[in-house]
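>>> model this:
(2 chains)
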2 protein chains.
Amino acid sequence: MDMLWSGWGDPAEAAPLPEPVTGLLRDLLGVEPGAPAPAGPDELSVPASPLTAAARRALADAVGGEAHVRTGAEARIRHTRGKSTPDLLRIRGGDLTDLPAAVVLPDGHEEVLAVLRACAAHGLALVPFGGGTSVVGGLAPEHRGRDRPFVALDLRRMNRLLDLDPVSRTATLQPGLRGPRAEELLAAHGFTLGHFPQSYEWATLGGFAAARSSGQASAGYGRFDEMVLALTLATPEGTLETGRAPRSAAGPDLRQLVLGSEGAFGVITSVTVRLRPLPEVRRYEGWRFASFDAGAAALRRLAQDGPRPTVLRLSDETETLIGLAQPDAIGASLGQESAGCQAVAGYEGTAEDVAHRAGRAAAVLRACGGTPLGEEPGERWARGRYSAPYLRDALLDVGAFAETLETAAFWSRIPALYAAVRDALTGTLTGAGTPPLVMCHISHVYENGASLYFTVVSAQGEDPVAHWAPAKRAANEAILAAGGTISHHHGVGTDHRDAYVREAGPLGIGALRAVKQRLDPAGLLNPGVLLPLDPPLDPPRA
Amino acid sequence: MDMLWSGWGDPAEAAPLPEPVTGLLRDLLGVEPGAPAPAGPDELSVPASPLTAAARRALADAVGGEAHVRTGAEARIRHTRGKSTPDLLRIRGGDLTDLPAAVVLPDGHEEVLAVLRACAAHGLALVPFGGGTSVVGGLAPEHRGRDRPFVALDLRRMNRLLDLDPVSRTATLQPGLRGPRAEELLAAHGFTLGHFPQSYEWATLGGFAAARSSGQASAGYGRFDEMVLALTLATPEGTLETGRAPRSAAGPDLRQLVLGSEGAFGVITSVTVRLRPLPEVRRYEGWRFASFDAGAAALRRLAQDGPRPTVLRLSDETETLIGLAQPDAIGASLGQESAGCQAVAGYEGTAEDVAHRAGRAAAVLRACGGTPLGEEPGERWARGRYSAPYLRDALLDVGAFAETLETAAFWSRIPALYAAVRDALTGTLTGAGTPPLVMCHISHVYENGASLYFTVVSAQGEDPVAHWAPAKRAANEAILAAGGTISHHHGVGTDHRDAYVREAGPLGIGALRAVKQRLDPAGLLNPGVLLPLDPPLDPPRA
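Predicted coordinates:
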């Protein structure tokens, strides 16, 4: 099934906002009903594909026939940009400036190599397309004004389990597999990957790798980049294969150069990941802390001294009050006195392991001032864990603006980083006449630091994309100034690129541009994504 | 204190071999007493330094005076090559072809940058020198026949703890700190790094990072590359700083590009590492398994399902029989019937945690056929954990040849990899008339695989360096053919470079060469180490 072209997910899953929320939006944020979204992609005026007949033939030859090269309006609209709020607002508004020339569907590594050759021969750029769930502009290359059409390389046909090694507990998967299908294939052998980001239902294995994804159970299963043991990358210069052992001292870790390369170095055509046994037991508990600082200290204690839950997250006061900690029950707490800060601690594993960890962790959380709320709030979180993007669609429909951004830092910097980003968002949007609600949670913890995930809701105002731009810039500035990284798990794309260039520094960017120059000398892969186009790639040195 | 110039460590720690061992060497391997080592470095004939007066002035200016630029014979001899067995045999034999032109001792990042500028201006190459413990030719650049003298950059003055953040549990350390001094500085704050490779007493933090070191307690504390949170790299093109959060989705992980770069991309001038609390309790136990396969299956079970010991290692039948599992008591088991395979499981942490893990792990080890041997063999291993290199000196002194090599692979490949490397070594050396003892242990375990560490002992024969070369080549071939990595923790250096080029493939090597070209365009850093010189760096593309 294809995702809703103008929003998130399965249209059948969409749900209207509960009354307390629409009331809040109206009374607190001044939200007024906006224009309805266009009824269907067929109402949009779509320019003809700029693909030449020769290029179309070459692409068709590369992927086994015309059937796998699509230039129809709907296919191209469905591969236009990703799922950030500005992306949704633009497509709802009929802005098709980032339309691909064609959608090409290869089946296998060799076909991807052939497509890359065809693109090089016909002056086309190429954007790898997995689930299409980027929220950082990762699917909108800089093609405008450059007279280079681009092809969206949709990897959905590459959706097989290639190999499973139960002794080593590894599996090799194709990049176009979506999260649930991958889990289904692994579950047949008694295993799980344990990677459950919010995009899980739609995003793909290749995208998880390319964007350094991190799932909601990262405390227990690790980040996706920690799960990857080997990769195959198809580049315009040939094939790069890496990963012969879990760990090696044979030079820099080339896997970690491919992970996070966001399609700018090549197309990931297979991923070998570590597996865990399917958990016998899953148990998610709610906890309450008096303040975000107190809750964060408790999370830090567990992250540093254990026992480590599988899921560990903490909403700040505002997010707790609004009820975003449990999207299924949003608004239920409104009107109550301060609910403090709600946390979720989840455990997956054998019955014995879960009982042991949950028991010892509960003692730690109590010692840190936590009040147990039982399993019900935890289960409610688990039920609603993939529904926040649907909620955003509902907010957009009623004229609200809702967007998220995230960062990570070492623990000692977390309080100042939290305050700085909040202040930057609130100050900028309020100054622009759209005072926001800013909510935050910690959803990924490490021994040495944590992530911060912000949700912003405001009125759309007259031009929500234009209103948001300075707020996003201010948040980026605040993150860099407070010592955070520009992204903990969304990636760089085009939206974070300028800030990323400052974070990585000229030699960091220079090293990556040198790699790109070697693997993609014509610069056809995702131009302007991750790495800037201007100034052009470093001139060769004498 | 300086290390013994012609062997390992502190000469006061040297100990002769016990009689059962010398008997074994004579009877089983045909070892005959070799030539005694030269008495002191002053007996070697040392050519004058090729350093020009202008270069010497520039280097002295870079490091605050003549006192920190050394061109005397002894200083240069002490910075010639590393500590592989061929390195020791060559220096004992008076081969000074890899002598540096000077030893330069910078104090701080800015001085390192200044030295790099001076080297560039005066046509000098530069080899970063930490503890000098490389066993893979990492300190022997390809300078011969190239008319480019090189400077050994000894980092011993850069030995400070720069920062410690007890909240984030991180510390920033200078690269010239040796393991014990670093632990002492951290212990004053209640922390440990937990990195204890066999070279621990002499090797440095910068070297651990540059070579992707892995310590004997890696099961509990992780590898060094997993401990590093941030790095500063001084390159001929300026400074690269990386690491603003424990984990990030902001592009490829540049830390993992610096880790393992072996001085070929720049000089690591600071390392920020994660800390753990000093353990309250340390407990090491011996276990016996009937066979290497049975023991490996037990280790795998603990690595995959836990609980994870802090130290976990298993000697094969030969290593167990010879007693190398306990260098302090070598030879004690000789003459016994098969002792099976000895394992060590060690636990460090709080008393409660150690008791819990040791208890549950013991149940797993018993269920896998293990017989507990109590703490005595574990403690004996712990006492002798840094003494194997001294043992090698004693073997060389009596005319034996002893060398080690290591690899890693996914679990399912371990049995075939083990057999292939053993056969390659035994076959080659026996064919050359020096039948060897080949011993092996697993000393690093992961969920998805493990390391194999081989020790080879034979008679020196007439030309031990020449005898060893084909055996080493055969072992490398066997490793690549059986799907292992060419090094799990020793690194690439010059000894593994050709095999590494095959492991990484043309695009992997091409990407790293592109990075080197960007950071070190004149190729002055460790030429020929890690990356090959010939053919020259890729010509720039049009």
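>>> is any part of the helix or strand where residue A:181 lies close to chain B?
Using DSSP states H and E, residue A:181 sits within helix A:179-187. No: using CB under 8 Å from any CB of the partner chain, we find that helix A:179-187 stays clear of chain B, coming within 14.5 Å at best. Bear in mind the C-beta positions are built from the backbone N, C-alpha and C, glycine included.
>>> in that helix, what's buried?
Within helix A:179-187, the residues scored as buried using 16 or more other CB atoms under 10 Å in any protein chain shown are A:179, A:181-183, A:185-186.
>>> so what does that helix touch, helix or strand wise?
In terms of contact count using 3 or more CB pairs under 8 Å, 6 or more residues apart in numbering or on different chains; DSSP states H and E, helix A:179-187 is assigned the packing partners strand A:161-165, strand A:170-173, helix A:205-210.
>>> does the first one come close to chain B?
Yes: interface with chain B: strand A:161-165 contributes residue A:165 (CB under 8 Å from any CB).
>>> other residues contacting that strand?
Residues outside strand A:161-165 that contact it (CB atoms under 8 Å, 6 or more residues apart in numbering or on different chains): A:170-174, A:177, A:182, A:185-186, A:189, A:191, A:270, A:272, A:275, B:410, B:412.
>>> in three-state terms, label the closest residue to residue A:16 other than its chain neighbours for me.
With CB to CB, 6 or more residues apart in numbering or on different chains as the criterion, residue A:16 has its nearest non-adjacent residue at 6.0 Å, and that residue is residue A:394. Per DSSP: H, G, I helix; E, B strand; the rest coil, the secondary structure class of residue A:394 is helix.
>>> pull the distance from the helix holding residue A:181 to the chain's centre.
19 Å (CA atoms, centre = their mean, to the nearest Å).
>>> what mean pLDDT does that helix get?
Model confidence over helix A:179-187, given as mean pLDDT, is 98.
>>> what about the stretch 401-542 of chain A, any weak spots by pLDDT?
Judged against pLDDT under 70, the low-scoring parts of the stretch 401-542 of chain A cover residues A:534-542.
>>> so who does the residue of the stretch 1-150 of chain A found nearest chain B touch?
The nearest approach of the stretch 1-150 of chain A to chain B comes at residue A:136, 9.0 Å away (CB to the nearest CB). In this structure, residue A:136 makes contact with A:82, A:84, A:487, A:490-496, judged by CB under 8 Å, 6+ apart.
>>> ok but it is inside a helix, no?
No: the assignment for residue A:136 by three-state DSSP gives coil, which leaves it out of any helix.
>>> going on from the helix or strand that residue A:113 is a member of, what's the next piece of helix or strand?
Following DSSP H and E, one finds residue A:113 within helix A:109-121. If you walk from helix A:109-121 toward the C-terminus, the next helix or strand you reach (DSSP H and E) is strand A:125-129.
>>> do that next one and chain B meet at all?
No: remark: strand A:125-129 sits outside contact range of chain B, by CB under 8 Å from any CB, the gap being at least 15.7 Å.
>>> what does that strand contact?
If you take CB under 8 Å, 6+ apart as the criterion, strand A:125-129 is touched by A:79, A:100, A:103, A:115-116, A:119, A:139, A:141, A:143, A:148-155, A:175, A:206, A:210, A:263, A:267-268, A:524-527, A:529.
>>> strands along the stretch 151-300 of chain A, start to end?
Shown for the stretch 151-300 of chain A, the strands assigned by DSSP state E, counting those that start in this stretch span residues A:161-165, A:170-173, A:191-192, A:228-235, A:238-242, A:267-274, A:276-277, A:281-289.
>>> who wins for proximity to residue A:510 among those strands?
strand A:228-235 (19.4 Å; CB to CB).
>>> and that closest one, what does it pack against?
Using 3+ CB pairs under 8 Å, 6+ apart as the contact test, the elements touching strand A:228-235 are helix A:109-121, strand A:238-242, helix A:255-258, strand A:267-274.
>>> turn these into JSON lines, including mean pLDDT, distance to chain B and mean neighbour count.
Output for the helices and strands packed on strand A:228-235, formatted as JSON lines (pLDDT from 0 to 100; distance: least, CB to the nearest CB, whole Å; neighbours: other CB atoms under 10 Å in any protein chain shown):
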{"stretch": "helix A:109-121", "mean pLDDT": "98", "distance to chain B": "12", "mean neighbour count": "20"}
{"stretch": "strand A:238-242", "mean pLDDT": "98", "distance to chain B": "4", "mean neighbour count": "19"}
{"stretch": "helix A:255-258", "mean pLDDT": "98", "distance to chain B": "4", "mean neighbour count": "25"}
{"stretch": "strand A:267-274", "mean pLDDT": "98", "distance to chain B": "5", "mean neighbour count": "26"}
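>>> quick one: these as TSV, columns for distance to residue B:214 too.
What follows is those, written out as TSV (distance: least, CB to CB, whole Å):
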stretch	distance to residue B:214
helix A:109-121	32
strand A:238-242	19
helix A:255-258	16
strand A:267-274	18
